[in-house]
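# Fold the following for me, if possible:
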Amino acid sequence: MKFLCVSDQIDPLVYSTNAKSRFKDIDAVLCAGDLPSDYIDFIVSTLNKPTYFIFGNHNLTEFHFYHRQPMTTRGAHPTLSAPNTVLSEMEASHGATYAGCKVLKNKQLRLPCKKGGTRPLLLAGVSGSLRYNNGLSQYTERQMFRHLLSLVPQLLINKLKYGVYLDIFLTHASPRHIHDREDPCHKGFECFNWFIKHFSPAYLVHGHIHLYDLAEQRITVSGDTTVINAYSHCIIELPPPTQTEGAEP
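Predicted structure coming up:
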């Protein structure tokens, strides 16, 4: 099973008339944030594959359609647990599925089940970056940890039913000290390391960290999880290839 992962930059190899043939063997698309909605629309209409997205800390014109914004003082942040009533209409017109603060399963994409037979593809996601200037879709460690805790009940159900918590965790920011930077904007979340340790997704796919050098590290293995920087685009597979093979750019 192959996934096209994109984030942060409109890639001319994806935003192309040849995209359908170039990515003909892709089973689904993962959008890790900071992408304009019309780019996601193009991917959906061109590839016609299940597409999942979360928001980063830029390109937030549609963010209010997916999260209620409190009418409070400056610096208040929307809750990830209360989508607006227009959400279903937005997803229907958008063609992509919002994964922010959700645990999702795709029953059409099947993987071998530890209990025998097959099971659905299991995904979860959270939007946003570490708070650095009180902007929209920015969160403190404590706020993000609460968002992760809200996923736990469904993850436990997945473990009971399928023998695994989830396959892919889709984020914008990276885990702390994995691919992140030391400036306030690009520090990762420590709580993502907690999540990896306890729920062991096969992949954590993130964006936010731009890669300007081909030698920069895109792939890091943490415990049983392969952390992938989706900047621009890359391709991953389930089950994951051996650690030495990595992800296809």
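
# State the mean pLDDT of stretch 96-105.
Average pLDDT, stretch 96-105: 96.

# likewise stretch 113-125?
On average, stretch 113-125 scores 93.

# Report the secondary structure state of Gly135.
coil (DSSP: H, G, I helix; E, B strand; the rest coil).

# For the residue found closest to it once you drop the neighbours it is linked to in the chain, the count of nearby residues, please.
What sits nearest to Gly135 in space, not counting adjacent residues and going by C-beta to C-beta, 6 or more residues apart in numbering, is Asn57, at 6.3 Å. Glycine gets a C-beta too; all of them are placed from N, C-alpha and C. Using other C-beta atoms under 10 Å, Asn57 has 25 neighbouring residues.

# what's the spacing between Tyr162 and Lys114?
Distance, Tyr162 to Lys114, using C-beta to C-beta, to the nearest Å: 7 Å.

# And these two? Which one has more around it.
With neighbours defined as other C-beta under 10 Å, Tyr162 and Lys114 compare such that Tyr162 has more, 19 against 10.

# which residues touch the residue nearest to the more buried one when sequence neighbours are not counted?
Nearest residue to Tyr162 in three dimensions, chain neighbours excluded: Arg119, at 4.4 Å (C-beta to C-beta, 6+ apart). The neighbours of Arg119, taking C-beta atoms under 8 Å, 6 or more residues apart in numbering as the test, are 110-113, 161-163.

# Identify each buried residue in the helix or strand that contains Arg119, please.
Assessed by DSSP states H and E, Arg119 sits inside strand 118-125. Buried residues in strand 118-125, counted by 16 or more other C-beta atoms under 10 Å: 119-125.

# who's in contact with the residue nearest to Gly135?
Contacts of Asn57 by C-beta under 8 Å, 6+ apart are 33-34, 128-129, 135-138, 172, 185, 208.

# now with 6 Å?
Listed by C-beta atoms under 6 Å, 6 or more residues apart in numbering, the contact set of Asn57 reads 129, 137-138.

# Residue ranges in the chain under the pLDDT threshold?
69-94, 214, 242-249 (pLDDT under 70).

# hey, where'd the strands end up in it?
Along the chain, counting by DSSP state E, strands occupy 2-7, 28-31, 51-53, 97-98, 102-112, 118-125, 129-130, 138-139, 168-170, 203-206, 219-222, 225-229, 232-237.
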